[in-house]
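**Q** after the sequence you'll find the predicted model.
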Amino acid sequence: MDPTFHYYGTFLAALTMGLPAQQAQSLAYYTHAASRQTRQEIPAPFYYQGYRFTPVLTADDESRMGRHCCNLAFQSLPALLEASDDADERDTASQSQDHNTDLMVLKKPKLVCQNGLITRCYYNPLTDIDWQQGGEFKRHFSQRLAKKANSYAPRVAAHPDSLGQQGQETPSMQSDDNWHVPTKLNSAVDSALARKMLNDVIYKSHYDSQIKGFLLPLFGCRLHVYQNTWQGRRDRSLAYIAAFRASCYAIHCWHKRIPLKHIGNWHDSHLPVYVVRAIRQVAMLLQKPRLHSGNIDIEQSWAKLVAQNIPEDELHSVFLHGISLRETHLLDLALAGGAVSERGWISDITGFKQSEWFKFNKAAAYHCDWLSRQLCQHELSAFNTGQSLGNHDMWR
């Protein structure tokens, strides 16, 4: 997905689902922010009284996984499926949403066991499977499988970055295209892990004080990752429309604080009228020539479409900064709020921490750490996506 869609598509989806215009624009900027902090565009670290603040890297085109495996965290979310499960996931995603099949038939339990080997073992679908987490086996049953697993383990090449940090030389350090990438790291459209990722924000919004200060930035960051699961499809227009519809549903669930369903969103016959109207508007916009070429006319068309959907009594709330996308908007506000010098020294630490850009980086670091734990649970600890902003006590 291109940055234009991440901003305008999210802005329009949020307005469609009834979010106030100012909150909708903030969510759009949070979703777009992950497109800005690439290896070429990420700002240099900032400093305050000897403490260093390092922004989160969200994309790196110099290698397949990227530094800190950032491409896994933000650009190509792993589905964590085996080869057979990956095929089932694609088949399920391509099916029409008017199927009323039982969840226990559509979602087969995912085997998590030692070294990725599958071990046969009887299970109780009522006590051993966590259906709220996409049909995965619960931890106690996974541990039983691990104990029964064969001790033989095929060698999986570690990530070049992790080997390099240990001072070991290996040919794979020159190009990570030469080493084997586990099947579980393949991405899938609207995967169960992607929905689990969004539901994690919704669930924790009720009780987790750690993320109370950056709930909207975290949801926007993960909505960016969620939308990117549709990239790479052959028909880009259909991919954009599907991503827009899914974004509307995700924003609806987040706004109402209800978890996303395990599969699909609205049934076609129950699709809200206002969502149908918005989808038609997006479809008409996508038919314009040179949509994906970065032409300024396309951005103007997006901006006009968004403006048409803003209630008249809320126009003043977005005119303060304008509707059109400004690439460095969040960073500029952070630099002004923190009174940051040209050399990167922060004068007003309170203003810097209150900025939306700082909150986005907090959310991005939290997301990287969350994904790293998910990969560890699937025996993929070599692909560590964790990133640190700096001193934990200083930047909390």
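**A** Okay, I see it.
**Q** and V112, what pLDDT?
**A** At V112, the model reports a pLDDT of 45.
**Q** host element of A194?
**A** Assigned by DSSP states H and E, A194 belongs to helix 192-204.
**Q** tabulate the CA atom coordinates of that helix in PDB.
**A** Below are the C-alpha coordinates for helix 192-204, written out as PDB (Å, rounded to 0.1, in the frame of the first residue of the first chain):
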ATOM      1  CA  ALA A 192      -5.400 -14.500  11.900                       C
ATOM      2  CA  LEU A 193      -2.300 -12.900  13.400                       C
ATOM      3  CA  ALA A 194      -3.200  -9.600  11.900                       C
ATOM      4  CA  ARG A 195      -6.600  -9.700  13.500                       C
ATOM      5  CA  LYS A 196      -5.100 -10.900  16.800                       C
ATOM      6  CA  MET A 197      -2.800  -7.900  16.600                       C
ATOM      7  CA  LEU A 198      -5.700  -5.400  16.300                       C
ATOM      8  CA  ASN A 199      -7.700  -7.300  19.000                       C
ATOM      9  CA  ASP A 200      -4.800  -7.000  21.300                       C
ATOM     10  CA  VAL A 201      -5.300  -3.200  21.300                       C
ATOM     11  CA  ILE A 202      -9.000  -3.500  21.800                       C
ATOM     12  CA  TYR A 203      -8.700  -6.000  24.700                       C
ATOM     13  CA  LYS A 204      -6.000  -4.100  26.500                       C
END
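**Q** list the helices and strands it packs on?
**A** In terms of contacts (3 or more C-beta pairs under 8 Å, 6 or more residues apart in numbering; DSSP states H and E), helix 192-204 is packed against helix 215-228, helix 236-256, helix 356-377. All C-beta spots, glycine's among them, are computed from the backbone N, C-alpha and C.
**Q** can I get these in a markdown table including distance to L27 and mean neighbour count?
**A** Output for the helices and strands packed on helix 192-204, formatted as a markdown table (distance: least, C-beta to C-beta, whole Å; neighbours: other C-beta atoms under 10 Å):
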| stretch | distance to L27 | mean neighbour count |
| --- | --- | --- |
| helix 215-228 | 5 | 25 |
| helix 236-256 | 8 | 21 |
| helix 356-377 | 11 | 22 |
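**Q** got a pLDDT number for N115?
**A** pLDDT at N115 comes out at 47.
**Q** what about the closest residue to C253 other than its chain neighbours, neighbour count?
**A** Setting aside the residues directly before and after it, C253 is nearest to L260 in space (C-beta to C-beta, 6 or more residues apart in numbering), at 5.0 Å. Using other C-beta atoms under 10 Å, L260 has 22 other residues around it.
**Q** before we move on, what about the one 4 residues further on?
**A** In terms of burial, G264 registers 19 neighbours under the definition other C-beta under 10 Å.
**Q** quickly find the element holding it.
**A** For G264, there is no host helix or strand (DSSP H and E).
**Q** using the three-state scheme, assign the closest residue to K184 other than its chain neighbours.
**A** Closest residue in space to K184, ignoring its immediate chain neighbours: L80 at 4.8 Å, by C-beta to C-beta, 6+ apart. What DSSP: H, G, I helix; E, B strand; the rest coil gives for L80 is coil.
**Q** ok, L80 to H255 distance?
**A** Between L80 and H255 the distance is 28 Å, computed by C-beta to C-beta, to the nearest Å.
**Q** now the strands for this protein?
**A** Taking DSSP state E as the criterion, the chain carries its strands at 46-48, 51-53, 129-130, 136-137.
**Q** out of those strands, which gets nearest to N384?
**A** In terms of C-beta to C-beta, the element of the strands of the chain nearest to N384 is strand 51-53, at 20.4 Å.
**Q** what residues does that closest one touch?
**A** Contacts to strand 51-53, defined as C-beta atoms under 8 Å, 6 or more residues apart in numbering, come from residues P45, F46, Y47, I346, L389, G390, N391, M394, W395.
**Q** got it, and stretch 56-63?
**A** 34-39, 42, 66-68, 70-71, 73-75, 160, 175-176, 361, 364-365, 368, 387, 389.
**Q** break this protein into its domains for me.
**A** Listed by automatic domain parsing, the domain ranges of the chain are 3-79+189-377, 83-88+99-173.
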